[in-house]
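>>> next comes the sequence, and after it the predicted model I'd like to discuss.
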Amino acid sequence: MSEFSVVDDNAVTEVGVAASVTGSAAHEVAAPGVVAGTSGAATPGSLFAFQFPSDPQVSPGGKRVAFVMTRIAEAGQKPVEDAGFARPRYHSRIQLSDGGPARDLTSGKGGEGCDSAPVWSPDGTALAFLSDRNGDTPQLYLLPLGGGEARQLTRFRGGVGSVQFSPDGRFLSFLSQGDARDRRDERGEARVITSLRYRSNGRGLLPQQPDSLYLHDLSSGETAVWHAPAHDVADYQWKPDSSGVLFVSSATEQDALMWGQDVFRLPIMTGVGETQPDQTPIQLTRWAAPIGNLAIHPDGVRFAGIGRPPGSVNTEDPHLFLFGEDGEGTRLDASWDCPAGNIVAGDLHVGSFPGRPVWTNESTLSLLYTVGGSVGLFGVTLAGEVTAQLHDPQRVVTGFTASHEGLASVSESAAEPTEVYLNGLKVTDCAAHLPFVPAVPMRVAFQTELGEGEGWVLLPPGEVLTEGAPVPALLNIHGGPHTAYGHGFMHEFQLFTQAGYAVCYSNPRGSVGYGQAWSEDIRGRWGSVDQADLLTFFDAALAAQPRLDAARTGVMGGSYGGFMTNWLTSQTSRFQVAVTDRSICNLISFGGTSDIGARFWDDELGGNFHRSRDVQKLWDMSPLKYAEQVRTPTLIIHSLEDLRCPVEQAEQWFAALQLHGVPSRFVRYPGENHELSRSGRPDRRAHRLQEYLDWLGEHLKP
């Protein structure tokens, strides 16, 4: 069976992966203005040259960093039956640095498996980590750093995740399904659904019971269930005195469905295997709103978290809240109008990127904030003062961990891939593996009713262009809508510039990093001021770069960006080509099919599909209503396991375009969800990019 079903106009064909990996004749459509045979250019296959560092963990003494390094390599050592079918896969190892060049600490089963999630023991003598080296699910291992082999601590069919050491070093805690195995699909049994919360993008159909919190006693070697929650444990952290943990979960099924979360206290077991006192969790808050990334104060009583206040909607930026002994929360960063966390797009983010706030002393928390198109580390005091600790307005800090003695981080820029830093020293050299020189973006400002907006243009390098040839321009639209483009590295954008296209990308209203008013200004009116901002920016980009060809333009985007691509092509004919990825076209059917549909439109638009009074508004805002106005040739990309923007949205859009005679091509990816473009299987990511290039090359000819 072939890998991808591709629907092209009136024909159905089967396309394999080999062409996308090897660059066969079927995939050699050149972009207009590109010099054939240019060496050192980015290609879809250049993705395989990248290294993907993640999960930096600073040692207790602050002098070392352990992190995960992921590479792409051929899977397996045995010959492949189909010689033309490449099997590049992610493989990861734990690396260690004391400030010098990093070295491999684990082998990742000789390059075939994945080691991940390093966790330091409190005394710095050992490292716990996860590995799938002896099976298909990650298990917990403990590696003594003074010498010796890693010891496997668990053998659960359901695998292991979210590992932490107790501060006293006595226990390892983790989340797991244990040996439970849901075999209903395997046996062909019916599933009986009685709650709306039964599936989630990236997880598929949810298990019958949430993961339990386990405790492993390092002295006795025994492992036992510590707490079997009624609803998912979204986050947890040990109390400083090791007397238990605080964890985030939902108090009711309705809260779980509507993103309502609270914080609970769970006391420690007296000993694994011993008779236990009452360990019923104590609910500390009555928040019933998103909260996470807990950071317990050194006094063991107060704690901080990142979230949104009770009664808020999805358009509210996330912020830092401090909770007292009474469970009442107060926004700690009230003087700071930027969202907490890294919310800037990048497509090198394979792995985990920690963002938990850290108490660097008893009065100051360190955490990430998104500021315009950048992300930096800032300090917030108990008095509410916010100061920059590590912030370059041209960079994005994608993750960090810190202690009183040290700081480990990963950061990138639009022209530099992700690197690992220990106390300000770079300990990796991922840029050395790039097969091309990245283009540097140029900032372009545009004016709106709320003030100045910003975007960027990436121009093709001079060596890939025919002398004096005009450059076709692509308008790229980010998803969310409450995310941002900026100074994150985008291999996809670099690929387009190397193919001879100018890439124009911006942060219209609805984007984050520019204050609450900017984030929420599109609530209830998608396709209005955001459309105006996107087109105003694009016009400004064309004016700022006279070489851009206004007669050869394309529009593209994913998720909300896919919605806006569909919307723009149904409202204007100014673009010669479109690519819509994991998109939305019918706001009514989305509400009942998306894993977030029960609440999302209420938050974003003030109405939902199940109320008759709201249906007309949702239909009026649906691109599908205006499909007969579309004339733009459109490539539709979608993943079959996408539960965030279900594939039925792509199916409806494709059917409508076909029935109205619009040139269209529908590419469907099995085994992938909403994250295909960022962390999907490498061969599928490369194939997707080649589809983009082929479609652009076909429709943006001189």
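On my side now, so go ahead.
>>> could you use CA atoms for every contact and neighbour count after this?
OK.
>>> what ranges does the stretch 51-200 of the chain have for its helices?
Counting by DSSP state H, counting those that start in this stretch, the segments of the stretch 51-200 of the chain that form helices are 108-111, 184-187.
>>> who's in contact with the last one?
If I follow you right, that is helix 184-187. Helix 184-187 is contacted from outside by 190-191, using Cα atoms under 8 Å, 6 or more residues apart in numbering.
>>> and it, what's its mean pLDDT?
The average pLDDT within helix 184-187 is 86.
>>> then stretch 364-380?
For stretch 364-380, mean pLDDT rounds to 98.
>>> what's the span of that stretch, first residue to last?
One end of stretch 364-380 to the other measures 6 Å (Cα to Cα, to the nearest Å).
>>> who's in contact with it?
By Cα under 8 Å, 6+ apart, stretch 364-380 touches 332-333, 338-344, 355-360, 381-382, 385-399, 484-488, 512-514.
>>> so of those residues, which ones are in strands?
Per DSSP state E, strands hold the following members of the contacts of stretch 364-380: 358-360, 381, 386-390, 396-399.
>>> return the member of these nearest to F493.
Of all these, F493 sits closest to V396, with 16.5 Å by Cα to Cα.
>>> which non-adjacent residue is nearest that closest one?
Closest residue to V396 apart from its sequence neighbours, by Cα to Cα, 6 or more residues apart in numbering: V375 at 4.4 Å.
>>> coming back round to it: show me which of the contacts of stretch 364-380 are buried.
Among the contacts of stretch 364-380, those buried by neighbour count (16 or more other Cα atoms under 10 Å) are 332-333, 338-344, 355-360, 381, 386, 391, 393-399, 484-488, 512-514.
>>> follow-up on the earlier one: in the ones in strands among the contacts of stretch 364-380, which has the lowest confidence score?
Among those, T360 has the weakest pLDDT, 94.
>>> mind checking how far that one is from A102?
As defined by Cα to Cα, T360 lies at a distance of 26 Å from A102.
>>> for the top helix by length along the chain, C-alpha coordinates in PDB please.
Counting residues, the longest helix found in the chain (DSSP state H) is helix 682-699. Provided in PDB are the C-alpha atoms of helix 682-699 (Å, rounded to 0.1, in the frame of the first residue of the first chain):
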ATOM      1  CA  PRO A 682      10.300  13.400   8.800                       C
ATOM      2  CA  ASP A 683       9.500  11.800   5.500                       C
ATOM      3  CA  ARG A 684       6.000  13.100   5.600                       C
ATOM      4  CA  ARG A 685       7.200  16.600   6.500                       C
ATOM      5  CA  ALA A 686       9.500  16.500   3.500                       C
ATOM      6  CA  HIS A 687       6.800  15.300   1.200                       C
ATOM      7  CA  ARG A 688       4.500  18.100   2.400                       C
ATOM      8  CA  LEU A 689       7.100  20.700   1.600                       C
ATOM      9  CA  GLN A 690       7.700  19.300  -1.900                       C
ATOM     10  CA  GLU A 691       3.900  19.500  -2.500                       C
ATOM     11  CA  TYR A 692       4.100  23.200  -1.600                       C
ATOM     12  CA  LEU A 693       7.000  23.800  -4.000                       C
ATOM     13  CA  ASP A 694       5.400  21.800  -6.900                       C
ATOM     14  CA  TRP A 695       2.100  23.700  -6.600                       C
ATOM     15  CA  LEU A 696       3.800  27.100  -6.300                       C
ATOM     16  CA  GLY A 697       6.100  26.400  -9.300                       C
ATOM     17  CA  GLU A 698       3.200  25.300 -11.400                       C
ATOM     18  CA  HIS A 699       1.000  28.400 -10.700                       C
END
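>>> which neighbouring elements make contact with it?
helix 18-22, strand 88-97, strand 577-581, strand 634-639, helix 676-679 (3 or more Cα pairs under 8 Å, 6 or more residues apart in numbering; DSSP states H and E).
>>> list the buried ones in it?
Buried residues in helix 682-699, counted by 16+ other Cα under 10 Å: 682-697, 699.
>>> run the chain-centre distance for it.
Centroid separation for helix 682-699 versus its chain: 21 Å, with Cα atoms, centre = their mean, to the nearest Å.
>>> what angle separates that helix from strand 634-639?
Angle of helix 682-699 versus strand 634-639, following axes from the mean of the first three to the mean of the last three Cα atoms, to 10 degrees, is 170 degrees.
>>> pLDDT (mean, whole number) over helix 682-699?
97.
>>> do the same with stretch 300-315
Mean per-residue pLDDT for stretch 300-315: 96.
>>> what distance separates the start and the end of it?
32 Å.
>>> what's next to that stretch, contact-wise?
Residues from elsewhere that reach stretch 300-315 (Cα under 8 Å, 6+ apart): 239-241, 287-297, 316-325, 340, 357, 482, 510, 519-520, 523, 600, 603-604.
>>> among these, name the buried ones.
239-240, 287-297, 316-323, 340, 357, 482, 510, 519-520, 523, 600, 603-604.
>>> picking that back up, the helices and strands packed on helix 682-699: lowest mean pLDDT?
When I compare the helices and strands packed on helix 682-699, helix 18-22 is least confident, with a mean of 29.
>>> any idea how far V440 is from A544?
When A544 is compared with V440 (using Cα to Cα), they lie 16 Å apart.
>>> can you check R547 too?
Distance from R547 to V440, by Cα to Cα: 17 Å.
>>> with P53 instead?
P53 is 22 Å from V440, by Cα to Cα.
>>> so the two - more neighbours on which side?
Higher neighbour count among P53 and V440: P53, with 29 against 18, using other Cα atoms under 10 Å.
>>> wait, the more buried one sits on E412?
No: look at P53 against E412 with Cα atoms under 8 Å: they stay out of range, at 10.8 Å.
>>> sec struct for V225, please.
Here V225 is strand, with the state taken from DSSP: H, G, I helix; E, B strand; the rest coil.
>>> any idea how far it is from R681?
33 Å.
>>> and what of C114?
Counting by Cα to Cα, the separation of C114 from R681 is 14 Å.
>>> kindly report the same for P290.
30 Å.
>>> likewise K63?
From K63 to R681 the distance is 35 Å (Cα to Cα).
>>> now P481
25 Å.
>>> among these two, which residue is more densely surrounded?
Taking other Cα under 10 Å, P481 and R681 do not tie; P481 has more neighbours (25 against 18).
>>> regarding the more buried one, what is its secondary structure?
State at P481, reduced to three classes by three-state DSSP: coil.
>>> that one contacts S511, correct?
Yes: in this structure P481 lies within contact range of S511 using Cα under 8 Å: 6.1 Å.
>>> grab the nearest non-local neighbour of S116.
In space, S116 is closest to L130, 5.2 Å off (Cα to Cα, 6+ apart).
>>> now swap in S249 and tell me
That would be V233: by Cα to Cα, 6+ apart, it lies 4.9 Å from S249.
>>> dump the residue contacts of that neighbour.
Contacts of V233 were listed using Cα under 8 Å, 6+ apart, and they are 210-211, 247-249.
>>> now swap in H487 and tell me
Contacts for H487 were tallied using Cα under 8 Å, 6+ apart; they are 344, 373-374, 394-396, 412-414.
>>> CSV for those, including distance to S664?
Compiled in CSV, the contacts of H487 are given as follows (distance: Cα to Cα, whole Å):
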residue, distance to S664
V344, 31
G373, 33
S374, 36
Q394, 38
R395, 38
V396, 36
E412, 36
S413, 35
A414, 32
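>>> narrow those to those in helices?
Residues of the contacts of H487 located in helices (DSSP H): none.
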